[in-house]
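S.K.: Sharing a model that was predicted from the sequence below.
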Amino acid sequence: MSSSDGMTYAPQGKPDPVVAPGEFNFATVHLDHGHIYGQTNGLLEAGATLKWVYDPDPAKVEAYREKYPQAQVARSLDEVLADDSIHLVAAAAIPSLRGALGCRVMASGKDYFTDKTPFTTFDQLADAKKVVAATGRKYAVYFSERLHVESAMFATDLVRDGAIGKVIQVLGLGPHRLSKPSRPDWFFEKEKYGGILCDIGSHQFEQFLTFSGATDATVTHACVANYNNADKPELEDFGEANLLGNNGATNYIRVDWFTPDGLRTWGDGRTIILGTEGYIELRKYVDIGRDGMGDQVFLVDQKGEHHIPVAGKVGFRFFGELILDCLNRTEKAMTQAHIFKAAELCLAAQAKATRIA
């Protein structure tokens, strides 16, 4: 998959199976966003078996099967949900449809793995909470900008192990390339994509909760703008927000659609994590002006300055942990409370946002 467009960016790692073939079967449905390829890659590398694919658009199915020919083509979503051998249904539907789809999947007795953002309204979040409580199934989310980024997973471990002391602030930058001509119509309809803070901002709020250890937060500031796309009046091409965590940690995020064509990848995503004993900078996808690749970690602590390239060295353990969580009914990969709180924060920021341009 191309690294020039975030919608078709699908990381690939080394196989690290946690199950044998046939022990964990999954299906993919509603292939509206290219992140479904990243979701599929991660599950396959962790040993899952891809059994079904379904989408109302035959062209999307054909393109998907060119990459994953082992997937059988289902005639309907009902055919997938009726298969008792399926443990998990992965999907990348239009954002406004993800919540209802997840409720239907969980009601059928299967776990659900959706692309971010998981919801576009508070009502969708409330419905999912009710179905999770009633069925005991999982509503998992592909927060790819941490879970499918080796530098971010490496930083997760550094922070957990106390490398920079207590985290007091997380700064997250999530620029993306717009690639306007290749985007589907729903991408420009706010009711369907949810707004920029709800959509790509969801990555940043999940990272704040993870790195800071906060379990709740208040939105203290939020704004959005459409600076450069008057022909698409419902598009928000810029957003920023501040959070105050319930443990005193703070957060600033900026997300935008202004990656210039001169950058070799779709976005210069960066994270800076400030602790009481040091700080970490992540250059996730590119190290501009240098020949090196992304996944560059910079750590400054009481002992000195450290540059740690981690591409190809960390892997993507989330997918194996998710599979085992589904089989064992545990929560090692990510707790349901954490997922729903990250979703709630992106909805709250979007609801509070002032339109500044």
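M.R.: Right, received. Where do you want to start? Since the model is a prediction, treat every value here as computed from it, not as a measurement.
S.K.: I figured residue 114 hits residue 103, correct?
M.R.: No - Residue 114 lies out of contact with residue 103 (CB atoms under 8 Å); the separation is 11.1 Å. (Each C-beta comes from the backbone N, C-alpha and C, glycine too.)
S.K.: what sits against the residue most central in space within the chain?
M.R.: Against the mean C-alpha coordinate of the chain, by CA atoms, centre = their mean, the closest residue is residue 143 at 1.9 Å. Residues counted as contacts of residue 143 (CB atoms under 8 Å, 6 or more residues apart in numbering) are 116, 202-203, 206-207, 342.
S.K.: 6 Å instead?
M.R.: Residue 143 makes contacts with 116, 203, 206, as judged by CB atoms under 6 Å, 6 or more residues apart in numbering.
S.K.: quick one: which of residue 114 and residue 103 has more around it?
M.R.: Using other CB atoms under 10 Å, the more surrounded residue of residue 114 and residue 103 is residue 114, with 30 against 21.
S.K.: nearest residue to the more buried one other than its sequence neighbours?
M.R.: In space, residue 114 comes closest to residue 98 once its chain neighbours are excluded; the distance is 4.9 Å by CB to CB, 6 or more residues apart in numbering.
S.K.: Could you do residue 177 as well?
M.R.: residue 259 (3.9 Å).
S.K.: Please read off the pLDDT at the one you found from the model.
M.R.: If you check residue 259, the pLDDT there is 98.
S.K.: Also residue 3?
M.R.: Per-residue pLDDT puts residue 3 at 63.
S.K.: same deal with residue 304?
M.R.: Note on residue 304: pLDDT of 98.
S.K.: tell me the contacts of residue 208?
M.R.: Counted by CB under 6 Å, 6+ apart, residue 208 has contacts 170, 251.
S.K.: switch to numbering from 696
M.R.: With the count now opening at 696, the last piece we talked about shows up as residue 903.
S.K.: Helix, strand, or coil at it?
M.R.: Under DSSP: H, G, I helix; E, B strand; the rest coil, residue 903 falls in the helix class.
S.K.: low pLDDT regions in the stretch 696-845 of the chain?
M.R.: Scanning the stretch 696-845 of the chain for pLDDT under 70 picks out the ranges 696-704.
S.K.: can you map out the strands along it?
M.R.: Per DSSP state E, counting those that start in this stretch, the stretch 696-845 of the chain carries strands over the ranges 720-726, 744-749, 767-768, 781-787, 806-810, 834-837.
S.K.: just to revisit the earlier point, dump the contacts of residue 838 to TSV, plus neighbour count.
M.R.: Shown next, in TSV, are those (neighbours: other CB atoms under 10 Å):
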residue	neighbour count
811	26
898	27
901	25
